[in-house]
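S.K.: my questions are about this predicted structure, shown below with the sequence.
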Amino acid sequence: MNPELVPVDRPHEECGVFGVYASGRDVARLTFFALYALQHRGQESAGIATCDGQYAYQHKDMGLVVQVFNEQALSRLDGHLAIGHTRYSTTGGLKLINAQPYLIETLQGPLGLAHNGNLTNALEVRYRLLKRGVGLTSTSDSEMITQIIAAPADVWSEGVPDEPSDDHWVNQIRAFMYMAEGAYSLALLTRDAIYAVRDPLGLRPLCIGRLDDESGYVVASESCALATIGASYVRDVAPGEIVRLDASGVTAYTGRPPTRPRAMCVFEYVYFARPDSLLDNQFIHDARQNLGRQLAIEAPVDADIVIPVPDSATPAAIGYSLESGIPFTEGLMKNRYIGRTFIQPDDSLRKQGVQLKFNALRHNLEGKRVVLVDDSIVRGNTCGPLVKLMRDNGATEVHVRVSSPPVRHPCFMGVDMATHKELIANRLDIDGICQHVGADSLDYLSLPGMLKAIGRGAKSGGYCTACFSGEYPIEIPEWLLSEDRSKFLFEGQWSGA
């Protein structure tokens with residue numbers, strides 16, 4: 001995706017992971033379609049690794065899932081086990097060498113890994129690996145995780161309970177979990193099984209599904225991938241749990257028991273997850289409608305129509321309309337594929353900015369007082385052009401309503417949320433943001449209101465709200481707070497371990 005083509009005012013997606021054990025099925029094809037359903041979680045690279053019980057096979061490249069794979073590529077991926085990954089870079093740059101899955105050979109056979117999240121102690125981990133003589137080919141913490149799990153478990157045995165499992169890989173994974181800090185949902189490929197792993201805080205989502213023909217089981221970042229391949233939702237992987245998928249079905253192990261409350265990323269509900277995904281016992285679409293309803297209660301306004309910033313804010317706008325009684329309609333049409341081209345616009349097109357991505361429905365806007373509902377404002381570089389676009393197409397008033405609180409703090413757990421100085425709500429108060437975007441009024445959903453709205457249908461509760469509140473569920477090391485983190489990685493300025 002070309003970042004210069006259109007203004008970007010969203011936290012960038014995390015990653016999508018998938019794993020499947022299915023005897024007698026074309027697991028590469030199943031994984032392809034599952035990744036297609038998870039494409040919204042990352043558009044930079046995609047990859048699949050498979051195993052036939054002896055040999056492992058892999059194909060990955062930069063681009064969208066449909067650009068990376070074709071029939072010829074899929075035909076070479078033999079086996080009955082597979083993992084897949086679609087990536088947006090957080091730790092590590094936009095390079096093929098950082099694309100996943102990672103696949104290496106060990107004494108116990110192949111080991112492949114697909115990772116969603118970020119290790120907050122990645123610098124310490126990197127130092128320990130390099131000190132031990134492990135060569136690293138990338139800047140990705142996912143490669144480091146692969147190397148840790150491949151190493152003898154006793155190398156990283158500090159704090160691990162002396163209760164070894166009969167399963168070699170469970171012991172390896174458990175040792176990693178006691179060493180790692182931060183966010184990780186993993187799908188691991190071995191010679192005999194698929195393993196799914198979730199960090200003790202449950203920061204990133206991961207669920208288990210069963211194929212409808214009962215040929216096997218799958219794990220996926222989101223349940224929307226299950227229906228696409230003919231699988232039914234079984235349950236979420238619990239925080240701190242290791243799950244094995246093999247010929248015997250599903251076997252669960254205790255990895256690293258949680259010692260703190262669950263801290264599921266609340267932005268999954270606001271923006272990341274697909275609306276048809278089931279998360280914590282409720283559909284994302286329903287949760288987003290509840291956010292819109294609560295927003296209408298907290299921030300009412302006299303207006304003629306409610307319109308969303310498509311597509312992610314549509315459910316919240318519907319909720320706002322239902323609660324306020326103001327009619328919902330479309331006012332912006334999204335050019336969904338313009339952001340996927342690598343062709344540079346010329347100067348005259350670039351000056352049009354947001355109009356490359358959105359077109360206004362003048363007939364719906366002319367002479368109307370508009371409530372424009374968005375799910376978030378991050379850098380503040382899209383909302384202003386959208387307000388102007390609606391005014392240019394006849395709207396008499398534009399009142400911006402945001403179905404989440406102001407984003408004032410960056411994320412260090414697997415989301416590219418920008419730095420403190422890039423976040424507009426960190427620099428300006430709400431009145432200042434309103435003036436910056438040129439709206440007649442602007443208001444956000446409160447943090448208690450957001451949690452109330454999400455909690456209406458939730459099963460477990462417990463969310464990470466750090467990007468709004470600044471209260472991180474884990475300690476954030478000093479190097480991550482730096483505006484230039486790369487110098488710590490490449491100049492050896494980390495002083496621990």
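M.R.: Looks like it arrived, so ask away. Numbering: from 1, shown residues only.

S.K.: quick check: phi and psi at residue 265.
M.R.: The phi/psi pair for residue 265 (degrees, to the nearest 10) reads phi -60, psi 120.

S.K.: what sits opposite it in the beta ladder?
M.R.: Note on residue 265: beta-bridge partners by DSSP bridges are residue 464.

S.K.: the helix ranked longest in the chain packs against which elements?
M.R.: Counting by DSSP state H, the longest helix found in the chain is helix 284-298. Helix 284-298 makes packing contacts with helix 314-324, strand 397-402, helix 447-455 when contacts are defined by 3 or more CB pairs under 8 Å, 6 or more residues apart in numbering; DSSP states H and E. Glycine gets a C-beta too; all of them are placed from N, C-alpha and C.

S.K.: just the mean pLDDT for the last one, thanks.
M.R.: Yep, that's helix 447-455 we're talking about. Averaged over helix 447-455, pLDDT sits at 94.

S.K.: repeat for stretch 232-248
M.R.: Here the average pLDDT along stretch 232-248 is 97.

S.K.: check stretch 165-177 too.
M.R.: Here the average pLDDT along stretch 165-177 is 95.

S.K.: residues of that stretch that come out buried?
M.R.: 167, 169-177 (16 or more other CB atoms under 10 Å).

S.K.: ok now the helix or strand where residue 124 lies, how far from the chain's centre?
M.R.: Using DSSP states H and E, residue 124 falls within helix 122-131. Averaged C-alpha coordinates place helix 122-131 at 25 Å from its chain's average position (CA atoms, centre = their mean, to the nearest Å).

S.K.: one more: stretch 154-173?
M.R.: On CA atoms, centre = their mean, the centre of stretch 154-173 falls 29 Å from that of its chain.

S.K.: and it, end to end?
M.R.: 12 Å (CA to CA, to the nearest Å).

S.K.: that older thread, now tabulate the helices and strands packed on helix 284-298 in JSON lines and tack on distance to residue 124 and mean neighbour count.
M.R.: Formatted as JSON lines, those follow (distance: least, CB to CB, whole Å; neighbours: other CB atoms under 10 Å):
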{"stretch": "helix 314-324", "distance to residue 124": "40", "mean neighbour count": "24"}
{"stretch": "strand 397-402", "distance to residue 124": "37", "mean neighbour count": "25"}
{"stretch": "helix 447-455", "distance to residue 124": "32", "mean neighbour count": "19"}
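
S.K.: of the ones you listed, which is nearest residue 32?
M.R.: Of all the helices and strands packed on helix 284-298, it is helix 314-324 that lies closest to residue 32, at 27.7 Å by CB to CB.

S.K.: contacts for that closest one, please.
M.R.: Under the criterion CB atoms under 8 Å, 6 or more residues apart in numbering, residues 275, 284-285, 288-297, 300, 306-308, 326-328, 371, 373, 375, 401, 403 lie in contact with helix 314-324.

S.K.: make it 6 Å
M.R.: Here helix 314-324 makes contact (CB atoms under 6 Å, 6 or more residues apart in numbering) with 275, 285, 288-289, 291-293, 295-296, 306, 308, 328, 373, 403.

S.K.: and if you look at stretch 232-248?
M.R.: 21, 170, 173, 193-198, 200-202, 206-210, 217, 223, 226, 251-253, 255-258, 262, 278.

S.K.: now, those that are in helices?
M.R.: Per DSSP H, the subset of those in helices is 170, 173, 226.

S.K.: tell me who's in contact with the last one.
M.R.: Put plainly, it is residue 226. Residue 226 neighbours (CB under 6 Å, 6+ apart): 209, 233.

S.K.: and it, how far is that from residue 375?
M.R.: 24 Å (CB to CB, to the nearest Å).

S.K.: please apply the same query to residue 421.
M.R.: 23 Å.

S.K.: pull the contacting residues for the residue of the chain positioned farthest from its centre.
M.R.: For the chain, the residue at maximal distance from the C-alpha centroid (CA atoms, centre = their mean) is residue 367, at 39.1 Å. Residues near residue 367 by CB under 6 Å, 6+ apart: none.

S.K.: give me the local confidence score for it.
M.R.: 98.

S.K.: can you check residue 160 too?
M.R.: 87.

S.K.: ok, for it, nearest residue in space, not its chain neighbours?
M.R.: residue 178 (4.7 Å; CB to CB, 6 or more residues apart in numbering).

S.K.: distance between whichever helix or strand that neighbour is part of and the chain's centre?
M.R.: For residue 178, the host element (DSSP H and E) is helix 168-179. Computed by CA atoms, centre = their mean, the chain-centroid distance of helix 168-179 equals 24 Å.

S.K.: tell me how far the helix or strand following that helix lies from the chain's centre.
M.R.: Downstream of helix 168-179, the next assigned helix or strand under DSSP H and E is strand 185-189. Offset of strand 185-189 from its chain centre (CA atoms, centre = their mean): 15 Å.

S.K.: so which of the contacts of helix 314-324 is the most crowded?
M.R.: residue 403 (34 neighbours; other CB atoms under 10 Å).

S.K.: can you tell me how far it is from residue 183?
M.R.: From residue 403 to residue 183 the distance is 24 Å (CB to CB).

S.K.: then residue 206?
M.R.: Going from residue 206 to residue 183 by CB to CB gives 11 Å.

S.K.: swap in residue 432?
M.R.: Residue 432 is 32 Å from residue 183, by CB to CB.

S.K.: neighbour-wise, which of the two wins?
M.R.: Ranked by neighbour count (other CB under 10 Å), residue 432 and residue 183 place residue 183 first, with 29 against 14.

S.K.: so what's that one up against?
M.R.: Neighbour list for residue 183: 117-118, 199, 203-204, 413-414 [criterion: CB under 6 Å, 6+ apart].
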